[in-house]
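A.B. asks: what follows is a protein structure lacking sequence information:
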């Protein structure tokens, strides 16, 4: 799994920072979280393939999170994309997607499947899931968890063959923890699985525009990487409250309370240019923290 920070600014881009967007690569596919203006150019610079984007997850529809979407779709279409694109977001997602494409007067040659994300699992593949949870912002806004599925253990192929369990669907069932029957005899998973080689899947939580709140703590608990907005500093806390954003110190508190392994600060106000100051403020609450930079990559 790899994370690429395509942009890290909030409100407006700067010379150093494009608007906030994050991409996750998993099993050769890309998953995009928010798509403000300039995102597709950032993707080209970082090697994130827009043709391999499986789904786009919008935290909300403020301009600095959304306006790059029509242009990205146009580029996908011009380059011959024919695979469907899944789009998830808060209440009103289907209408927002329709309006944006109509405004762009754009013809597309592939299907866009837009869905409203409610709390809980919203997307699933064989080895990963994406979950959503509500945040506290000026407009409907949601956070996301990208989770690699846990590996129960290692399938012992030789043992299965020795037990004369035919290769195929029965092996798949055993790997999923289900017992199977062959010629009247029942075989249990523990007969062919080495559970000592199991492991927990990696977990990345992405929390954009929000007042810090325990309302989403359960969902992001024990994240390997917690990506959390930190638009302001503590001396700007009044402004953070007015606009319903978090400070760097508050993001550190969230990471500490939810037992994150690492905190990455993003969605930074253009007025806050000193990364060391931002990082040090969060470190007062949580030790393992870094400030994201545009095009920064993290392997998990």
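C.D. replies: Ah, there it is. On a predicted model such as this, the values are computed, not experimentally measured, just so you know.

A.B. asks: separation between residue 74 and residue 40?
C.D. replies: 9 Å (C-beta to C-beta, to the nearest Å). (Glycine included, C-beta is placed from N, CA and C.)

A.B. asks: neighbour count for those two, which is higher?
C.D. replies: Using other C-beta atoms under 10 Å, the more surrounded residue of residue 74 and residue 40 is residue 40, with 21 against 16.

A.B. asks: in a helix, residue 98, correct?
C.D. replies: Yes. Applying DSSP: H, G, I helix; E, B strand; the rest coil, one finds residue 98 inside a helix.

A.B. asks: helix or strand: which one has the closest residue to it other than its chain neighbours?
C.D. replies: Leaving aside its chain neighbours, residue 98 sits nearest to residue 114 (7.7 Å; criterion: C-beta to C-beta, 6 or more residues apart in numbering). Residue 114 is part of strand 112-116, with elements assigned from DSSP states H and E.

A.B. asks: what does the helix or strand just after that strand rub up against?
C.D. replies: Sequence-wise, the next helix or strand downstream of strand 112-116 (DSSP H and E) is strand 120-124. The contact list for strand 120-124 (C-beta atoms under 8 Å, 6 or more residues apart in numbering) reads 55, 57, 86, 88, 115, 129-132.

A.B. asks: select only the buried ones of those residues in PyMOL?
C.D. replies: Buried subset of these, written as a PyMOL selection, criterion 16 or more other C-beta atoms under 10 Å:
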select buried, resi 55+57+86+88+129+130+131+132
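
A.B. asks: sorry, back to before: quick one, what contacts the residue nearest to residue 98?
C.D. replies: 87-89, 93-94, 97-98.

A.B. asks: could you list everything it pairs with in the sheet?
C.D. replies: residue 87 (DSSP bridges).

A.B. asks: now for residue 35, how many residues are close by?
C.D. replies: 28.

A.B. asks: likewise for the one 3 residues further on?
C.D. replies: Other residues lying near residue 38 total 19 when counted by other C-beta under 10 Å.

A.B. asks: isn't it right next to residue 19, touching?
C.D. replies: Yes. Judged on C-beta atoms under 8 Å, residue 38 makes contact with residue 19 at a distance of 6.4 Å.

A.B. asks: who touches both of the two?
C.D. replies: 7, 13, 68.

A.B. asks: how about the helices in the protein?
C.D. replies: Along the chain, counting by DSSP state H, helices occupy 39-46, 63-66, 69-78, 93-103, 157-162, 169-175, 217-220, 237-243, 248-257, 275-283.

A.B. asks: show me what the longest one is packed up against.
C.D. replies: To tie it back to what came earlier, the one meant is helix 93-103. If contacts are counted by 3 or more C-beta pairs under 8 Å, 6 or more residues apart in numbering; DSSP states H and E, helix 93-103 sits against helix 69-78, strand 85-89, strand 112-116.
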